[in-house]
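Chemist: Okay, structure incoming, though there's no sequence with it:
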């Protein structure tokens, strides 16, 4: 008689490992999801991402957005009677502007107007192409932040690693557990990196000094950081020995990403120093340099410390502005003189950064123009009004920046306004602003008073369509 073969035990033999594997992967995925959700508000980019989420959540109300570099921060949509937000970010290039527009505009059905700032350097910036003298891509951090903040899985060509780092940022911070479980605990005196003290609202990232570097007391050294955008036009820079502040490098300096200072020769030699940079508008926004660096006596430094220098001062021959007769107080005179000094620093910085970027990206101008036109076409297809603008700059900054930047900016915007019938309002050399030190926070950024005045005058210019001409 035929007997049926029983195969069930064999099936179970193979099924059990499969079930275990599926169960394991499910638990792992759930754990990762929990960690991601728990870590997201505490990640370095949590505040910026939340701002974008809030805009999308308010999608039935948002009528206008502002994009661009820190120069965009002088425009408030509410000053034009529009419900909207400013998404300007220090150092933003046109590739990032195009990306942000494509990532967020589809979520906003009521959008009417997009403001986009144009700076002298706008068509010569590519953050992915910049490298410090030691080969570190410090500005690539802005791309990682971009992908962490905006709800899109596309990426700018060549940015795959930054996309992955940005999307996984709530999981891959080295101090993940300290941020989630012990967010208020003080950093222990151990080898923990100082980045553990960053807050969820932090948008300042110190990139120099670096852990293990050697500096000399009594000599010029530099601090570098990726600046905040709307939080403050000025920052405080302090030198710490372990957890104790020992020297103030700057009580108030422009939030422009760089500061040079001669360290006192009285500093005690040690390998446990670090830098803290704090926003003056919001003291909860700060960052420490990662790890500790070393300070030694000046006479030992020549052979042991790395070459960390400020930009050379040979590229520009300053033609300083004359002190205006209308400025009469000592404070006004001091502000004016500070702006003159800051203009020199800013102009050199623009020349240095753009030179490196153009070298790494030979077709940078052409590609930046294509990115700008891509944004124009995308918004035009959705019948969204596009308003380009260049804010006022201090007179000395206009004098010291390579005039070729200004010429190319004007010629490029003339071509684009003619090709696409978009609007462009250029206040860069406006006589109303450029010599009035009471309107500027630094050489290329207006203060609160200046921003209000600029919005008023930009609104008037838009009403009369004073495009393509320098607005007086």
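Modeler: Ah, there it is. The structure presented is a predicted model; accordingly, all values stated were derived computationally and were not measured. Numbers count the residues shown, from 1 in each chain.
Chemist: C-alpha only now, for contacts and for neighbours.
Modeler: Will do.
Chemist: Quick check: residue 237 touching residue 247?
Modeler: No. Counting by CA atoms under 8 Å, no contact exists between residue 237 and residue 247, whose distance comes to 9.0 Å.
Chemist: Which one's more surrounded, the two?
Modeler: Higher neighbour count among residue 237 and residue 247: residue 237, with 23 against 15, using other CA atoms under 10 Å.
Chemist: Which secondary structure state does that one sit in?
Modeler: In terms of secondary structure, residue 237 is strand; the call rests on DSSP: H, G, I helix; E, B strand; the rest coil.
Chemist: where does the stretch 351-472 of the chain dip in pLDDT?
Modeler: Counting by pLDDT under 70, the stretch 351-472 of the chain shows low-confidence ranges at 464-472.
Chemist: all helices for it, in order.
Modeler: Here the stretch 351-472 of the chain has its helices, by DSSP state H, counting those that start in this stretch, at 364-381, 395-400, 403-420, 448-464.
Chemist: List just the one of those helices that sits closest to residue 282.
Modeler: With respect to residue 282, and counting by CA to CA, the nearest of the helices of the stretch 351-472 of the chain is helix 448-464 at 15.4 Å.
Chemist: mind listing what's buried in that closest one?
Modeler: Along helix 448-464, the positions that meet the burial threshold by neighbour count (16 or more other CA atoms under 10 Å) are 450, 451, 452, 453, 454, 455, 457, 458, 461.
Chemist: What separation do you get for the most centrally placed residue in the chain and residue 70?
Modeler: Using CA atoms, centre = their mean, the residue of the chain that lies closest to the mean C-alpha position is residue 90, 3.7 Å off. Residue 90 sits 4 Å away from residue 70, going by CA to CA, to the nearest Å.
Chemist: what do you get for residue 250?
Modeler: In this structure, residue 250 and residue 70 are separated by 21 Å, where distance is defined by CA to CA.
Chemist: More neighbours: those two, which one.
Modeler: Applying other CA under 10 Å to residue 250 and residue 70 shows that residue 70 carries more neighbours, namely 23 against 16.
Chemist: Would you agree the more buried one is in contact with residue 86?
Modeler: No. Between residue 70 and residue 86 there is no contact under CA under 8 Å: 10.2 Å.
Chemist: Spell out which residues are contacts of both of residue 237 and residue 247.
Modeler: When contacts are counted by CA atoms under 8 Å, 6 or more residues apart in numbering, the set common to residue 237 and residue 247 is empty.
Chemist: From the domain annotation, what segments belong to each domain of the chain?
Modeler: The chain resolves into domains spanning 8-42, 46-147+324-464, 190-304 when parsed by automatic domain parsing.
Chemist: Figure out which of the ones you listed is closest to residue 170.
Modeler: Within the domains of the chain, the stretch nearest residue 170 is domain 8-42; the backing value is 4.8 Å (CA to CA).
Chemist: Please, where are all the helices along this structure?
Modeler: Taking DSSP state H, the helices of the chain run over residues 8-39, 46-57, 94-104, 140-149, 160-167, 169-172, 176-181, 301-304, 330-360, 364-381, 395-400, 403-420, 448-464.
Chemist: want to try a markdown table for those helices, with distance to residue 65 as columns?
Modeler: Below are the helices of the chain laid out as a markdown table (distance: least, CA to CA, whole Å):
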| stretch | distance to residue 65 |
| --- | --- |
| helix 8-39 | 28 |
| helix 46-57 | 10 |
| helix 94-104 | 9 |
| helix 140-149 | 16 |
| helix 160-167 | 23 |
| helix 169-172 | 26 |
| helix 176-181 | 32 |
| helix 301-304 | 50 |
| helix 330-360 | 26 |
| helix 364-381 | 12 |
| helix 395-400 | 27 |
| helix 403-420 | 20 |
| helix 448-464 | 14 |
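Chemist: so which of these gets nearest residue 442?
Modeler: Counting by CA to CA, and looking across all of those, nearest comes helix 330-360 at 5.8 Å.
Chemist: Name the residues of that closest one that come out as buried.
Modeler: In terms of neighbour count (16+ other CA under 10 Å), helix 330-360 has its buried residues at 333, 335-337, 339-340, 342-351, 353-354, 356-358.
Chemist: cool, and stretch 155-171?
Modeler: Buried residues in stretch 155-171 (16+ other CA under 10 Å): 155, 159, 162, 163, 165, 166, 167, 168, 169, 170, 171.
Chemist: who's in contact with the nearest residue to residue 98 once chain neighbours are set aside?
Modeler: What sits nearest to residue 98 in space, not counting adjacent residues and going by CA to CA, 6 or more residues apart in numbering, is residue 375, at 5.0 Å. Neighbouring residues of residue 375 by CA under 8 Å, 6+ apart: 97, 98, 101, 102.
Chemist: Against residue 96, how distant is the residue lying closest to residue 148 once chain neighbours are set aside?
Modeler: Closest residue in space to residue 148, ignoring its immediate chain neighbours: residue 166 at 4.1 Å, by CA to CA, 6+ apart. Distance, residue 166 to residue 96, by CA to CA: 14 Å.
Chemist: Could you find the closest non-adjacent residue to residue 275?
Modeler: Of all residues beyond its chain neighbours, the one nearest residue 275 is residue 239 (4.8 Å), with distances taken as CA to CA, 6+ apart.
Chemist: Just grab the bridge partners of the one you found for me.
Modeler: For residue 239, the beta-bridge partners are residue 247, residue 275 (DSSP bridges).
Chemist: Please tell me the pLDDT value assigned to it.
Modeler: You'll see residue 239 listed with a pLDDT of 91.
Chemist: Report how many residues lie close to it.
Modeler: Residue 239: 21 neighbours (other CA under 10 Å).
Chemist: Report the contact partners of it.
Modeler: 245, 246, 247, 248, 249, 273, 274, 275, 276.
Chemist: so for stretch 66-82, what's the average pLDDT?
Modeler: The predicted model assigns stretch 66-82 a mean pLDDT of 94.
Chemist: for that stretch, which positions count as buried?
Modeler: Neighbour-count burial for stretch 66-82, with 16+ other CA under 10 Å as criterion, is recorded at 66-77, 82.
Chemist: closest to residue 151 among the residues you listed?
Modeler: residue 67 (16.2 Å).
Chemist: Test my guess that that closest one contacts residue 87.
Modeler: Yes. Under the contact definition of CA under 8 Å, residue 67 touches residue 87, with a separation of 5.3 Å.
Chemist: Show the contacting residues for the residue nearest to residue 148.
Modeler: Residues counted as contacts of residue 166 (CA under 8 Å, 6+ apart) are 143, 144, 145, 146, 147, 148, 149.
Chemist: Quick one: residues contacting the residue nearest to the first one when sequence neighbours are not counted.
Modeler: Computed as CA to CA, 6+ apart, the closest residue to residue 143 that is not its neighbour in sequence is residue 162, at 6.2 Å. Residue 162 makes contacts with 140, 141, 143, 144, 147, as judged by CA under 8 Å, 6+ apart.
Chemist: ok so, going back, what would the helices of the stretch 351-472 of the chain look like in JSON lines with distance to residue 208?
Modeler: As requested, those are arranged in JSON lines below (distance: least, CA to CA, whole Å):
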{"stretch": "helix 364-381", "distance to residue 208": "27"}
{"stretch": "helix 395-400", "distance to residue 208": "26"}
{"stretch": "helix 403-420", "distance to residue 208": "28"}
{"stretch": "helix 448-464", "distance to residue 208": "30"}
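Chemist: Sweet, I'm off.
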